[in-house]
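Novice: model this:
(chains A and B)
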There are 2 protein chains.
Amino acid sequence: MSAVITEKPALREGAFGHATGLVCRECGHTVELGPHYACSECFGPLEVAYDFPAVTREEIEAGPANIWRYKALLPVPSDIEQSPNTEPGFTRLLEARNLAAELGLTKLWVKDDSTNPTNSFKDRVVACALSAAIELKAKVFACPSTGNLANAVAAAGARAGIKTVVFIPSNLEKPKQVNSAVYTDSLVAVDGNYDDVNKLASEIAGEEEGWAFVNVNVRPFYAEGSKTLGYEIAEQLGWRLPDQVVIPVASGSQLTKVHKAFRELVRLGLVEDKPVRIFGAQATGCSPVSTAYKGGVDAIRPVKPDTIAKSLAIGNPADGIYVLDICRETGGAVEDIDDDAVREGILLLARTEGIFTETAGGTTVGVLKKLVETGQLDTSLETVVINTGMGLKTLDAVADSVGPAATIAPSYAAFAATGIA
Amino acid sequence: MSAVITEKPALREGAFGHATGLVCRECGHTVELGPHYACSECFGPLEVAYDFPAVTREEIEAGPANIWRYKALLPVPSDIEQSPNTEPGFTRLLEARNLAAELGLTKLWVKDDSTNPTNSFKDRVVACALSAAIELKAKVFACPSTGNLANAVAAAGARAGIKTVVFIPSNLEKPKQVNSAVYTDSLVAVDGNYDDVNKLASEIAGEEEGWAFVNVNVRPFYAEGSKTLGYEIAEQLGWRLPDQVVIPVASGSQLTKVHKAFRELVRLGLVEDKPVRIFGAQATGCSPVSTAYKGGVDAIRPVKPDTIAKSLAIGNPADGIYVLDICRETGGAVEDIDDDAVREGILLLARTEGIFTETAGGTTVGVLKKLVETGQLDTSLETVVINTGMGLKTLDAVADSVGPAATIAPSYAAFAATGIA
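Specialist: Sure, this is the predicted structure:
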């Protein structure tokens, strides 16, 4: 399936870098590069295919401190740095000695995407979608979203000077509305739930000429942005793969792309091959992939989400079946925790490593803990956990759990009496 | 003046890198490296003095993508990367073409410190203070603060595994309390205003052994962290100095340190010398430095702050007189804008460049605009404006100014009727 952006986009040479086409993940049918998102033969999801050039570590290291250091491996033109974008990525990979000690792990790292331009990993995928939108001559850059994606799209569009239209459920919390509305005067509130907003977006993508919906008609390009998380982890480890990675699962796309990134690096000779166990993290209130994993089945049964981890609350995850495949094949697992454990995960990461994550990160850290406790994760192996967002966006999750240890009069005597010294 | 950390700290060799002592900015008196913050002769502020080694661009470029790439120029040991810290810095320098066009500038860059680990430039100074606290064998890492500094101290202390105690006014907004309390169980609310909290902190620093207050007894080390903003601007411009820089002024320390950084780079042969006009930005509701600048006087008359730009609300700025000197000597200026213009500055930066800044950044961007409009800034010269923080922390400043353009039923017909397409 496709959605019109322009009738006949006159693509310039190298508009999508070394990408050669879009290939169906299910049946292998190939279509040309363009605003297509589902296979015309079998309705399977389309992925970008490449003919990669030889790439060296030195060439990558000489690039900018953002995702464009990997531009040769992304569906973007070679002059991408000249096109105004938010320049996301190359975020911190922190060795988490305190959290490792707390959980009993030998070696643990946190890949911290909360320091991206709009404070979530979405800036990575949106930067790739923006490039596709521009190359396809889109006039409008749009998305349906409840939070992080809306922020990323509105910010990237503002910087690129392209009109953005962001659709949100009308009952969305005020802070999340403000965090998008500050960038765009075309925020549209829709009376309905997120599914209604999503459906409306697909309808508009089919009706309106020139609209690039990042997660609809340019989704194959958008999704490739998540590969950069995998590239960065490997490069920041000193061009090595870790033994185990724990990744949050919403649509499941991020997990599949990190896995794809590792395989590409091996194929390109940039890292040595080795087994990497991949683990998926969900909140129990929206755990269709974890449920399927535990049930030993291949099909994902959609659920109606009910969890505070709203950025993971996709009840019918498009890439869920691929997540199952990868976690099973690599010797990983998919696990879930309840909302109280999500809150505990937020505080655990903050107290041990000074990182204030949102509910999605609390889920991932909490699942890491559970994987250790249940013996599913090997504590002697080098592990990476991915934090995808930041805590100020989901402040309410912990607002009632923490506060001052004491309230005192402004005197030394009053302070001394607290016993804190 | 000094405050005890340990009676006789047994400093290891190279504990403060190439720093040689602390020198009084007023009378030149030198004291040894330690927890000293005011001259014992004249009460002037102490600054770190160095005997810099030869440093090459290549050595710096081979360093990590954080402030430690400049470790040879900071009062930190050569093995600083081994000591758990938040790894701040090397934030984006974005060419701001849309904002430049809007204001009529030829070439404009935004140095964006909102993507630091706790989303403000304070992570830079706190990382340097943390190193000093550890080398001085402090047991407690502390600060009085109303926001950004508290977040940075509590996060850095958690990651370093050192006890943190953060003092705040008890009437501080809940979100700001949460954003510190999430990291530490020793948040202390003080019934009083910020001045009362500050006074209490100085008292504790003098009474309690082993306490490092980042902005009191290790302030000389702390303040050096702001130099990295200057280093990064020059390196990211391709080892060149800009013609003009606009910097927010609270205590004034950041402006003086960016200036110092530029001069050091010239002296070390890392950039070519050239005139750099330095401009200071204040909010009218707390503009003692701007008032002195406009009045043509040398003394700063303290004020009682009344502005939404709370992170700039220091009524008696310690480095105010040095800001006056630098801005006058370099052909810059100090300017101020009212709170409505601060709000406009926030929206202007968001709409043109996709950066959501806090009130301090709104002040700096708004002052940039005023400097252009009043002819104080040369629009033909290359200019850098520094954004020091992020908008989610001061959401209320714009929460009533922006919102959805339309609220619609979930149907294409309803959307089409809005005229947004």
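Novice: Would you mind checking the average pLDDT for the host helix or strand of residue A:108?
Specialist: Here residue A:108 sits within strand A:107-112, counting by DSSP states H and E. Strand A:107-112 shows a mean pLDDT of 98.
Novice: quick one: is the next helix or strand after that strand near chain B?
Specialist: Using DSSP H and E, the helix or strand that follows strand A:107-112 in sequence is helix A:122-135. No: using CB under 8 Å from any CB of the partner chain, helix A:122-135 never reaches chain B; the gap is at least 9.7 Å. C-beta: built from backbone N, CA, C; applies to glycine.
Novice: and if you look at stretch A:378-397?
Specialist: Yes: using CB under 8 Å from any CB, stretch A:378-397 reaches chain B at A:390, A:391, A:392, A:393, A:395.
Novice: From the chain's centroid, how far away is that stretch?
Specialist: A distance of 12 Å separates the centroid of the chain from that of stretch A:378-397, by CA atoms, centre = their mean, to the nearest Å.
Novice: Report the backbone C-alpha coordinates of that stretch in PDB.
Specialist: Taking C-alpha atoms only, stretch A:378-397 is exported to PDB below (Å, rounded to 0.1, in the frame of the first residue of the first chain):
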ATOM      1  CA  ASP A 378      23.000 -14.300  32.600                       C
ATOM      2  CA  THR A 379      24.500 -12.000  35.200                       C
ATOM      3  CA  SER A 380      28.100 -12.800  34.200                       C
ATOM      4  CA  LEU A 381      27.600 -11.500  30.700                       C
ATOM      5  CA  GLU A 382      28.000  -7.900  29.500                       C
ATOM      6  CA  THR A 383      24.600  -6.300  29.300                       C
ATOM      7  CA  VAL A 384      23.200  -3.100  27.800                       C
ATOM      8  CA  VAL A 385      19.800  -1.600  28.800                       C
ATOM      9  CA  ILE A 386      18.300   1.100  26.600                       C
ATOM     10  CA  ASN A 387      16.600   4.200  28.100                       C
ATOM     11  CA  THR A 388      14.400   5.800  25.500                       C
ATOM     12  CA  GLY A 389      13.000   8.900  27.200                       C
ATOM     13  CA  MET A 390      13.000  11.300  30.100                       C
ATOM     14  CA  GLY A 391      11.200  11.700  33.300                       C
ATOM     15  CA  LEU A 392       9.900  15.300  33.100                       C
ATOM     16  CA  LYS A 393       7.400  14.100  30.500                       C
ATOM     17  CA  THR A 394       5.800  11.600  32.900                       C
ATOM     18  CA  LEU A 395       6.300  13.400  36.100                       C
ATOM     19  CA  ASP A 396       3.100  12.200  37.600                       C
ATOM     20  CA  ALA A 397       4.300   8.600  37.700                       C
END
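Novice: In it, which residues are buried?
Specialist: A:378-379, A:381-395, A:397 (16 or more other CB atoms under 10 Å in any protein chain shown).
Novice: next one: stretch A:103-116
Specialist: Buried, per 16+ other CB under 10 Å, within stretch A:103-116: A:103, A:105, A:107, A:108, A:109, A:110, A:111, A:112, A:113, A:114, A:115, A:116.
Novice: Tell me the one of the residues you listed nearest chain B?
Specialist: residue A:115 (5.1 Å; CB to the nearest CB).
Novice: wait, isn't that closest one in contact with residue B:114?
Specialist: No: taking CB atoms under 8 Å as the definition, residue A:115 is not a contact partner of residue B:114, at 9.4 Å.
Novice: On the pLDDT front, check the residue lying closest to residue A:408 once chain neighbours are set aside for me.
Specialist: In space, and not counting its chain neighbours, residue A:408 is closest to residue A:414: 4.2 Å by CB to CB, 6 or more residues apart in numbering or on different chains. On the pLDDT scale, residue A:414 is placed at 94.
Novice: can you confirm residue A:414 is in a helix?
Specialist: Yes: counting by DSSP: H, G, I helix; E, B strand; the rest coil, residue A:414 is found in a helix.
Novice: returning to what we had before: chain B next: which of the buried residues of stretch A:103-116 are close?
Specialist: Answer for those near chain B (CB under 8 Å from any CB): A:112, A:115, A:116.
Novice: quick check, nearest of those residues to residue B:350?
Specialist: Of all those, residue B:350 sits closest to residue A:116, with 16.2 Å by CB to CB.
Novice: How about the contacts made by whatever residue of the stretch 251-400 of chain A ends up closest to chain B?
Specialist: Residue nearest to chain B within the stretch 251-400 of chain A: residue A:354 (3.5 Å; CB to the nearest CB). For residue A:354, the contacting residues are B:86, B:117, B:118, B:154, B:155, B:156, B:157, B:158, B:159, B:160, B:183, by CB atoms under 8 Å, 6 or more residues apart in numbering or on different chains.
Novice: same thing but at 7 Å, please
Specialist: B:86, B:155, B:156, B:158, B:159, B:183 (CB atoms under 7 Å, 6 or more residues apart in numbering or on different chains).
Novice: give me the subset of the residues you listed touching chain A.
Specialist: B:86, B:155, B:156, B:158, B:159, B:183 (CB under 7 Å from any CB of the partner chain).
Novice: which SS state does the third one fall under?
Specialist: Under the three-state scheme (three-state DSSP), residue B:156 adopts helix.
Novice: Could you check how far stretch A:167-178 is from the centre of its chain?
Specialist: 20 Å.
Novice: First-to-last residue distance for that stretch?
Specialist: 13 Å (CA to CA, to the nearest Å).
Novice: tell me the mean pLDDT for that stretch?
Specialist: Stretch A:167-178 comes out at a mean pLDDT of 88.
Novice: who's in contact with it?
Specialist: A:144-147, A:150, A:187-194, A:197, A:200-201, A:393, B:395, B:398-399, B:402-404, B:407.
Novice: Can you select the buried ones from these in PyMOL?
Specialist: Restricted to buried positions by 16+ other CB under 10 Å, the PyMOL selection for these reads:
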select buried, (chain A and resi 144+145+146+147+150+187+188+189+190+192+194+197+200+201+393) or (chain B and resi 395+398+399+402+403+404)
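Novice: What residues does the nearest residue to residue A:95 once chain neighbours are set aside make contact with?
Specialist: Leaving aside its chain neighbours, residue A:95 sits nearest to residue A:109 (5.6 Å; criterion: CB to CB, 6+ apart). Counting by CB under 7 Å, 6+ apart, residue A:109 makes contact with A:93, A:94, A:95, A:96, A:384.
Novice: go on, residue A:19?
Specialist: Counted by CB under 7 Å, 6+ apart, residue A:19 has contacts A:33, A:48, A:49, A:50, A:75.
Novice: mind checking the backbone torsions on it?
Specialist: Dihedral angles of residue A:19 (phi, psi; degrees, to the nearest 10) stand at phi -70, psi 140.
Novice: That one bridge partners, please.
Specialist: Beta-bridge pairing for residue A:19 (DSSP bridges): residue A:50.
Novice: What does the pLDDT read for it?
Specialist: 98.
Novice: now the strands: where do they sit in the stretch 51-200 of chain A?
Specialist: A:93-95, A:107-112, A:140-144, A:163-169, A:187-190 (DSSP state E, counting those that start in this stretch).
Novice: and the second one, which strands flank it?
Specialist: It stands for strand A:107-112. strand A:93-95 (antiparallel), strand A:382-387 (parallel).
Novice: tell me the average confidence for the last one?
Specialist: Okay, so that is strand A:382-387. For strand A:382-387, the per-residue pLDDT averages 98.
Novice: got a list of contacts for it?
Specialist: Contacts of strand A:382-387 (CB under 7 Å, 6+ apart): A:105, A:107-114, A:229, A:233, A:242-248, A:355, A:357, A:361, A:364-365, A:368, A:377.
Novice: Now with 8 Å, please.
Specialist: Contacts for strand A:382-387 (CB under 8 Å, 6+ apart): A:93, A:96, A:105-114, A:121, A:229, A:233, A:237, A:242-248, A:254, A:258, A:349, A:355, A:357, A:361, A:364-365, A:368, A:377.
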